[in-house]
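**Student:** My questions concern the predicted model and sequence given below.
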Amino acid sequence: MCESIIRSAVASMTIDEVMRNRDAMRDKVKHDMGSIVQGWGVWLETVEVTEVTVCSKSLFDDMQVEFRQQSRQAAELTKLSAKEKIEQATVASNLQ
């Protein structure tokens with residue numbers, strides 16, 4: 001039962017939503033499971049999504065493109081900033 005409810009929740013979301021918005025998926029699964037177990041005499045306290053795995057390597061790589069670009073840009077900015085500070089220190093040292 002739980003597996004089919006989770007599959008249904010995942011099927012109605014984009015992969016990006018599943019990866020980034022676990023709270024929405026958790027709330028939907030908890031709601032759907034709660035309505036099923038309502039008459040069973042059990043209390044559904046919480047539902048947690050502990051792991052999301054993308055099984056397709058090509059899909060995972062495609063999802064990483066933006067992250068990799070941001071990482072490269074941040075590294076380049078750090079490199080340029082360091083180079084600028086070194087140049088400023090060299091100029092200041094030469095003036096003294």
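**Tutor:** On my side now, so go ahead.

**Student:** How far does the longest helix belonging to the chain sit from its chain's centre?
**Tutor:** As assigned by DSSP state H, the longest helix anywhere in the chain is helix 57-95. With C-alpha atoms, centre = their mean, to the nearest Å as the basis, helix 57-95 stands 23 Å off its chain's centre.

**Student:** Give me the helices and strands touching that helix, please.
**Tutor:** Judged by 3 or more C-beta pairs under 8 Å, 6 or more residues apart in numbering; DSSP states H and E, the packing partners of helix 57-95 are helix 15-20. To be clear about C-beta, it is placed using only N, CA and C from the backbone, and glycine gets the same treatment.

**Student:** how far does the following helix or strand past the helix it packs on sit from the chain's center?
**Tutor:** As assigned by DSSP states H and E, the chain's next helix or strand after helix 15-20 is helix 22-37. Its chain's C-alpha centre and that of helix 22-37 lie 20 Å apart, by C-alpha atoms, centre = their mean.

**Student:** What residues of helix 22-37 count as buried?
**Tutor:** Across helix 22-37, burial judged by 16 or more other C-beta atoms under 10 Å covers 25-26, 28-30, 32-33.

**Student:** same check, this time on stretch 88-96
**Tutor:** For stretch 88-96, it's none, nothing buried (16+ other C-beta under 10 Å).

**Student:** what mean pLDDT would you report for it?
**Tutor:** Stretch 88-96 shows a mean pLDDT of 85.

**Student:** Could you do stretch 10-25 as well?
**Tutor:** pLDDT averaged over stretch 10-25 gives 82.
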